[in-house]
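Q: Next one to model:
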Amino acid sequence: MKENGKDKKQKGAYKGAVIGLSIATGALILTSVGLAIANGVSNSQVSNFQNQLENVYQKNLYDLVESINNAEIKLSKTISSNDKDFQSKQLTEVVKNALLAENSISSLPITQNSLADSVKFINQMGGYSTTLVENLQSESMLNEKEIENLTKIHNSLIQIKDRLGKYLEKMQQGYSIVDDSIKLENDMNSFTVKLSSMKEISVDYPSMIYDGPFSDSENDYIVKGLKGEFVTKSDAQNSVVRCFRNIAEINYAGEINSNFQTYNYSISTTDNHNLFVQVSKVGGHILTVSGYNDTTEKKISIEDGKKIALDFVSQNGIENAKCVWQDVLGNEAYFNIAPIQNGIILYPDLVKVKIDLATGMVIGYDATSYFINHIDRNLSGDFESESQAKQSLPKGFESGEGRIVLAPLDYSREVVCYEFESEKDGDIYYFYVNAVSNKLENILKVIKTTDGAKLM
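A: Numbering: from 1, shown residues only. Coordinates of the predicted model:
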């Protein structure tokens with residue numbers, strides 16, 4: 001992850017949070033809204049209910065896109081590797097992504113069986129990946145035929161991903177799933193008709209030898225980095241005022257008591273920004289800032305934006321950190337900032353900052369990874385040289401200089417690795433080689449999107 005690169009979370013990702021609301025079938029929107037009106041529920045209550053459903057449906061659609069994207073990247077890594085253990089780990093992730101994708105589809109207001117081919121393909125993808133993981137326990141690596149099958153699946157996922165990406169563009173322009181769920185066209189609602197059009201791309205669903213069930217479990221995370229006493233609502237508000245000195249108005253917006261316990265505030269600034277800020281009850285740290293800009297003129301440079309981002313991070317108690325990645329999209333600058341220990345970049349503790357280049361305002365901030373993962377670590381050891389680690393890279397990749405990092409890996413492992421930026425066939429990859437064993441631990445690929453690029 002090099003500076004001047006293009007890593008960030010997709011800007012269009014779902015940002016709302018709906019707690020305790022579960023939708024089992026798309027028909028619920030029709031019956032529930034109808035019952036609400038029939039029973040004299042006020043228009044504002046009906047509107048609120050529809051907004052809640054819209055949030056749930058949009059989250060499920062974004063989750064579907066994310067699962068398809070992740071599966072495509074994992075398969076890309078699998079067919080690019082010749083390491084048995086690495087192939088097995090990537091395919092295990094594909095199984096997880098397939099399950100998540102199927103769950104997301106089942107939680108959307110889609111007419112039954114309208115996406116049967118796509119659901120079957122996703123199920124086959126997960127099942128075939130399961131079979132390959134089992135085969136790799138006794139085989140040295142994937143054979144030529146298996147790589148060929150995975151390549152076909154990968155190509156199919158690219159086509160589905162592109163179709164879903166175009167569909168999401170409508171979402172970002174104000175399209176409502178709920179509204180289209182109520183409209184009926186023959187025996188399907190309008191949302192189903194539009195979404196099912198992704199089948200019209202003539203995806204070549206490859207024949208696979210396994211079409212059975214698959215499963216996965218999600219691990220709960222533990223917040224390890226929050227320290228200090230519980231603060232009052234007033235203390236938390238003072239933390240917000242201290243960090244945003246151009247506040248025109250600040251209002252308390254409730255609290256959340258989950259893995260992170262937070263006080264929430266909505267603020268408006270003198271330069272016309274509206275922000276939502278979360279402050280931890282433990283220690284009074286700013287955890288997240290959400291906002292946007294609607295300006296078109298850049299008034300500050302990317303370097304000035306980086307300084308503002310680093311100062312904001314430092315002001316919130318994250319010391320000895322440096323920018324390890326930056327990107328500009330439109331009038332917004334994105335910075336990934338990581339703490340440094342013994343010269344080692346701590347990727348598990350990454351903090352993300354978004355700056356409005358018109359005003360220099362922090363309009364996005366996410367320190368949750370830092371406070372989940374940041375602890376005192378023993379990072380001493382006998383590390384191999386960079387040149388020795390570089391010999392573990394696959395053939396055919398052009399690689400530059402490496403740097404030493406603490407990389408978060410599967411099963412909650414954190415491993416000191418050498419990171420190498422590499423290129424092949426016009427694509428950029430990042431390889432992570434264990435600094436002690438010289439074992440290839442992970443591969444990240446730079447993915448170009450309609451709103452920049454990201455690493456997966």
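Q: and stretch 277-285, how far from the chain's centre?
A: Remark: stretch 277-285 is offset 23 Å from the chain centroid, using C-alpha atoms, centre = their mean, to the nearest Å.
Q: what's the average pLDDT for that stretch?
A: Averaged over stretch 277-285, pLDDT sits at 91.
Q: Endpoint to endpoint, that stretch covers what distance?
A: Stretch 277-285 has an end-to-end distance of 11 Å (C-alpha to C-alpha, to the nearest Å).
Q: can you list the weak-confidence ranges in the stretch 201-350 of the chain?
A: In the predicted model, the stretch 201-350 of the chain carries pLDDT under 70 at residues 201-221, 258, 292-296.
Q: how far does the helix or strand containing residue 287 sit from the chain's center?
A: Assessed by DSSP states H and E, residue 287 sits inside strand 286-290. Mean-position distance between strand 286-290 and its chain equals 16 Å (C-alpha atoms, centre = their mean).
Q: what's in contact with stretch 404-423?
A: 1-2, 89, 219, 341, 343-348, 373, 377, 379, 381, 383, 386, 389-390, 393, 397-403, 428-436, 441-442 (C-beta atoms under 8 Å, 6 or more residues apart in numbering). Yep, even glycine has a C-beta here, placed from its N, CA and C like the rest.
Q: Between strand 286-290 and whatever helix or strand comes next after the strand holding residue 287, find me the angle.
A: Remark: after strand 286-290, the chain's next helix or strand is helix 302-315, criterion DSSP H and E. Computed by axes from the mean of the first three to the mean of the last three C-alpha atoms, to 10 degrees, the angle separating helix 302-315 from strand 286-290 equals 140 degrees.
Q: And helix 302-315, what does it pack against?
A: helix 233-243, strand 321-329, strand 332-341, strand 351-356, strand 362-366 (3 or more C-beta pairs under 8 Å, 6 or more residues apart in numbering; DSSP states H and E).
Q: can I get the CA coordinates of it in PDB?
A: In PDB, the C-alpha atoms belonging to helix 302-315 read as follows (Å, rounded to 0.1, in the frame of the first residue of the first chain):
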ATOM      1  CA  ILE A 302      -3.200  17.500  -1.600                       C
ATOM      2  CA  GLU A 303      -0.200  18.200   0.600                       C
ATOM      3  CA  ASP A 304      -2.100  20.700   2.700                       C
ATOM      4  CA  GLY A 305      -5.000  18.200   2.900                       C
ATOM      5  CA  LYS A 306      -2.600  15.500   4.100                       C
ATOM      6  CA  LYS A 307      -1.200  17.800   6.800                       C
ATOM      7  CA  ILE A 308      -4.800  18.500   8.000                       C
ATOM      8  CA  ALA A 309      -5.500  14.800   8.100                       C
ATOM      9  CA  LEU A 310      -2.400  14.000  10.100                       C
ATOM     10  CA  ASP A 311      -3.100  16.800  12.500                       C
ATOM     11  CA  PHE A 312      -6.600  15.600  13.100                       C
ATOM     12  CA  VAL A 313      -5.400  12.100  13.700                       C
ATOM     13  CA  SER A 314      -2.800  13.300  16.200                       C
ATOM     14  CA  GLN A 315      -5.300  15.600  17.900                       C
END
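Q: Next, the angle from it to strand 362-366.
A: Going by the same axes, to 10 degrees, helix 302-315 makes 50 degrees with strand 362-366.
Q: Which among the helices and strands packed on helix 302-315 is found nearest to residue 80?
A: strand 321-329 (21.9 Å; C-beta to C-beta).
Q: and the angle for the closest one with strand 332-341?
A: Using the same axes, to 10 degrees, strand 321-329 lies at 160 degrees relative to strand 332-341.
Q: What pairs with strand 321-329, parallel or antiparallel?
A: Strand 321-329 pairs in its sheet with strand 332-341 (antiparallel), by DSSP bridges.
Q: residues in contact with the next helix or strand after the partner strand?
A: Counting by DSSP H and E, the element after strand 332-341 in chain order, helix or strand, is strand 344-346. The contact list for strand 344-346 (C-beta under 8 Å, 6+ apart) reads 322, 324, 338-340, 374, 377, 379, 403-406, 416, 419.
Q: Of the residues you listed - the most surrounded one?
A: Tallying neighbours with other C-beta atoms under 10 Å puts residue 338 at the head of the contacts of strand 344-346, with 26 neighbours.
Q: Quick check: that one touching residue 320?
A: No: counting by C-beta atoms under 8 Å, residue 338 does not reach residue 320; the two are 10.0 Å apart.
Q: What is the neighbour count of the closest residue in space to residue 364 that isn't next to it in sequence?
A: Take residue 364 and drop its neighbours on the chain: the residue closest to it by C-beta to C-beta, 6 or more residues apart in numbering is residue 354, 2.9 Å away. Number of residues near residue 354 (other C-beta under 10 Å) recorded here: 26.
Q: partners of residue 354 in the sheet?
A: For residue 354, the beta-bridge partners under DSSP bridges are residue 334, residue 364.
Q: Pull up the gap between it and residue 306, please.
A: Distance of residue 354 to residue 306, computed by C-beta to C-beta, to the nearest Å: 12 Å.
Q: quick one on the thing from earlier: give me the sheet partners of the strand holding residue 287 and which way each runs.
A: Sheet partners assigned to strand 286-290 using DSSP bridges are listed as strand 274-280 (antiparallel), strand 362-366 (antiparallel).
Q: okay if I get these as a markdown table plus distance to residue 124?
A: Listed next are the strands paired with strand 286-290 as a markdown table, based on distance: least, C-beta to C-beta, whole Å:
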| stretch | distance to residue 124 |
| --- | --- |
| strand 274-280 | 41 |
| strand 362-366 | 36 |
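Q: what's the closest of those to residue 68?
A: Taking the strands paired with strand 286-290 one by one with C-beta to C-beta, strand 362-366 is closest: 23.4 Å.
Q: Using CSV, write out every CA atom in the helix or strand following that closest one.
A: Downstream of strand 362-366, the first helix or strand assigned by DSSP H and E is helix 368-373. Provided in CSV are the C-alpha atoms of helix 368-373 (Å, rounded to 0.1, in the frame of the first residue of the first chain):
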residue,chain,number,x,y,z
THR,A,368,-12.7,2.0,14.4
SER,A,369,-9.9,-0.4,13.2
TYR,A,370,-7.4,1.4,15.4
PHE,A,371,-9.5,1.1,18.5
ILE,A,372,-10.4,-2.5,17.8
ASN,A,373,-6.8,-3.6,17.2
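Q: Just the residues contacting helix 368-373, thanks.
A: Contacts of helix 368-373 (C-beta under 8 Å, 6+ apart): 221-226, 260, 280, 285, 287-288, 318, 339, 348-351, 408.
Q: Now do that helix: distance to the chain's middle.
A: Here the centre of helix 368-373 is set off from its chain's centre by 15 Å, with C-alpha atoms, centre = their mean.
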